[in-house]
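**Q** Return atomic coordinates for the entry below.
(chains A and B, ligands or ions: 2)
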Amino acid sequence: MGMMERVAVTSDQPLLRVEGLTKRYGSRIGCADVGFDLYPGEVLGIVGESGSGKSTLLSCLAGHLRPDEGAITYDRRDVLAMAETERRRLSRTEWAYVHQNPRDGLRMGVSAGGNVGERLMAVGARHYGGIREQAQDWLGRVEIAADRIDDRPAQFSGGMQQRLQIARNLVTGPRLVFMDEPTGGLDVSVQARLLDLLRGLVRDLGLSVIIVTHDLAVVRLLAHRLMVMKGGRVVEQGLTDQVLDDPQHAYTQILVSSVLQV
Amino acid sequence: MSDYNFAYLDEQTKRMIRRAILKGVAVPGYQVPFASREMPMPYGWGTGGVQVTAACLTPEDRLKVIDQGADDTTNAVSIRKFFQRTAGVAVTERTTEATVIQTRHRIPEQPLTEGQILVYQVPIPEPLRFLEPRETETRKMHELEEYGLMHVKLYEDIARHGQIATSYAYPVMVEGRYVMDPSPIPKFDNPKLSDNPAIQLFGAGREQRIYAVPPYTQVVSLDFEDHPFVASKADHDCDLCGAADSYLDEVITDDRGGRMFVCSDTDYCASRRAEGHVGRLGTDERAA
Ligand SMILES: Nc1ncnc2c1ncn2[C@@H]1O[C@H](COP(=O)(O)OP(=O)(O)OP(=O)(O)O)[C@@H](O)[C@H]1O
Ligand SMILES: [Mg+2]
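**A** Ligands and ions are numbered 1, 2, ... in the order given. From the prediction side, this is the model:
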């Protein structure tokens, strides 16, 4: 059986299915009636103005927030019915979460090597030399020099911190990665480098990704499919190029044109 | 006679503490919250241990109190006096004769026996505290057995020092379930925690926690396959009694750099000397 066929077969089933997902903060809507399928190896971009519910949705998906209504099915498992132990285990193994602010996703008091090694140790790695070797390897893959392995993240630049956070998340070979504005606080040139890196990793590792961003250039580069949110609801979704080049919804049209003017 | 209730604490409080102790014994290594009382001594003096001892003592008990292995330090002497005054119990310096031993920083060298109770004074009960300051999060980590962070701490040790440099309060896994801080005993003592015939109780006053290692419980020191746990001590024999197997304190003997190594467990050392064992700088003290 050829490679293409195998991909086609495994891609039959969505890795993640979201249906009717709603989260309210009191009477205010966080996100409402969100539904989509994410297939293995697929990158879904979520865009929308500030307050449109992107982070709320991502937090619900990653299990940081409990939605009020709806269903989440991961690899045929009902995520919302799962015991917390099982869900947290997933978060440490098959899922990863990259925060906008690397400080939220790193242990600032622990060396770069320790940060990368934590997930390995969390799933039972008990060989120091092996852990260090893998940490070193991952630092290399995110372009951090090997001799920085014992430095703390505070001694790193913002871009390096973000790359360290990515290494720390990917070291256990997750299948599904959540990213909330991963290029958010970075300089434009640093952003570009990070994007290239992310694109390479996503492709090489066959990751499924849900990435929240303000930046349409980011989705253009990374996302296969795009979801546009406004006021907590999905107003449009489809293939990225289609949505960006031929937006149907009035709001998307404004969003796209406003970016083109920048 | 004293004006105090037996062992200072009122019966209600002792019952509350005993319930916490029983729960701790039932769930080895689990930190049980309890309503710590003000004791007539500062927190640093081991009020948690004192309250546990108070709740355990009966008029028939014989109490030994040690601090860093010694019966004659200020801390040990005042706690011992406290219970003599408030409970009127017999006291001893002999490990073998004691029914209850309160300790800070050591486990006696003399193997303990069934029926004995060893009470530890604990400053910080939470082993995960170093890397995760949030109490809600550490509680969750214990509940879900998410202990990867303990190894991160050991990893950092090796990365920085080339070996696991933690030499006190070395973290342990109790009965394959809870990670526990054994209080600031030297890691040399860690193997004695395991499979011990005595009841081991841990009291943290300021932090209001009690935990326990019941008799014959498996206690394993955390480590890496390629950096295994070693119960190390100074590479000397005791200069007074010649013991090669006991934990040693280094003592400066003069201002010209003279020093000697002596057992930190004073009772162990004295007993050996009384039996005729003599170290490099000792004299034969066998009772004539
Ligand atoms: N903890 C909260 N309590 C109350 N309301 C909240 C909370 N978090 C978010 N909201 C509200 O929910 C809505 C969606 O917010 P969310 O943070 O998900 O938006 P976002 O799309 O991520 O915005 P941004 O682009 O600014 O990060 C907003 O109206 C917001 O004010
Ligand atoms: Mg947001």
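**Q** What distance do you get for B:Ala87 to chain A?
**A** 44 Å (Cβ to the nearest Cβ, to the nearest Å). To be clear about C-beta, it is placed using only N, CA and C from the backbone, and glycine gets the same treatment.
**Q** The closest residue to that residue other than its chain neighbours and ligand 1: what is the separation?
**A** Leaving aside its sequence neighbours, B:Ala87 sits nearest to B:Ala7 (Cβ to Cβ, 6 or more residues apart in numbering or on different chains; 4.2 Å). According to Cβ to the nearest ligand atom, to the nearest Å, B:Ala7 stands 50 Å off from ligand 1.
**Q** Could you pull up the contacting residues of B:Ala7?
**A** Shown in contact with B:Ala7 (Cβ atoms under 8 Å, 6 or more residues apart in numbering or on different chains): B:Lys14, B:Thr53, B:Ala54, B:Ala55, B:Leu57, B:Phe83, B:Thr86, B:Ala87.
**Q** wait, doesn't the fifth one sit right on B:Gln102?
**A** No. With contact defined as Cβ atoms under 8 Å, B:Leu57 does not count as touching B:Gln102 (9.9 Å).
**Q** so what sits against both of the two?
**A** Joint contacts of B:Leu57 and B:Gln102 (Cβ under 8 Å, 6+ apart) are B:Leu63.
**Q** Neighbour count for these two, which is higher?
**A** B:Gln102 (29 against 26; other Cβ atoms under 10 Å in any protein chain shown).
**Q** what sits against residue 233?
**A** Because you didn't say which chain, this covers chain A. A:Arg233 touches A:Cys31, A:Ala32, A:Asp33, A:Val34, A:Gly53, counting by Cβ under 8 Å, 6+ apart.
**Q** That was the other one, I meant chain B.
**A** Contacts of B:Lys233 by Cβ under 8 Å, 6+ apart are B:Pro186, B:Phe188, B:Ser246, B:Tyr247, B:Leu248.
**Q** For B:Phe261, see how far away it is.
**A** Note on B:Lys233: its distance to B:Phe261, by Cβ to Cβ, to the nearest Å, is 9 Å.
**Q** Show me what from the stretch 51-200 of chain A comes close to chain B.
**A** Residues of the stretch 51-200 of chain A lying near chain B by Cβ under 8 Å from any Cβ of the partner chain: A:84-85, A:88, A:92, A:107, A:109-111, A:113-114, A:117-119, A:121-123, A:125-132, A:149-150.
**Q** Restricted to helices, list these.
**A** Assignment to helices by DSSP state H places the following of these there: A:84-85, A:88, A:92, A:113-114, A:117-119, A:121-122, A:128-132.
**Q** Show me where the chain has its strands.
**A** By default, I'm working from chain A. With strands called from DSSP state E, chain A shows them at A:16-25, A:28-38, A:43-48, A:69-74, A:77-78, A:95-98, A:176-180, A:208-212, A:225-230, A:233-239.
**Q** oops, I was thinking of chain B
**A** Under DSSP E, chain B gives strands at B:32-33, B:62-67, B:90-91, B:100-104, B:117-121, B:172-174, B:178-180, B:199-204, B:209-213, B:219-221, B:248-252, B:259-263.
**Q** Which residue ranges make up the domains of the chain?
**A** Just so you know, I chose chain A. What automatic domain parsing lists as the domains of chain A is A:13-94+A:174-262, A:101-172.
**Q** Chain B, not that one
**A** If you go by automatic domain parsing, chain B breaks into B:11-221, B:233-280.
**Q** Show me the one of the domains of chain A that comes nearest B:Met180.
**A** domain A:101-172 (18.1 Å; Cβ to Cβ).
**Q** Do the closest one and ligand 1 come into contact?
**A** No. Counting by Cβ under 6 Å from any ligand atom, ligand 1 has no neighbours in domain A:101-172; the shortest distance is 11.6 Å.
**Q** Spell out which parts of chain B neighbour chain A.
**A** B:131, B:144, B:146, B:148-149, B:151-152, B:155-156, B:158-160, B:223-227.
**Q** mind redoing it with 6 Å?
**A** Counting by Cβ under 6 Å from any Cβ of the partner chain, the positions of chain B adjacent to chain A are B:Leu144, B:Gly148, B:His151, B:Val152, B:Tyr155, B:Glu156, B:Ile158, B:Ala159, B:Phe224, B:Glu225, B:Asp226, B:His227.
**Q** tell me the contacts of the residue in the stretch 1-150 of chain A positioned nearest to chain B?
**A** Across the stretch 1-150 of chain A, no residue is closer to chain B than A:Ala122, which sits at 2.9 Å (Cβ to the nearest Cβ). When contacts are counted by Cβ atoms under 6 Å, 6 or more residues apart in numbering or on different chains, A:Ala122 is found next to A:Arg92, B:Gly148.
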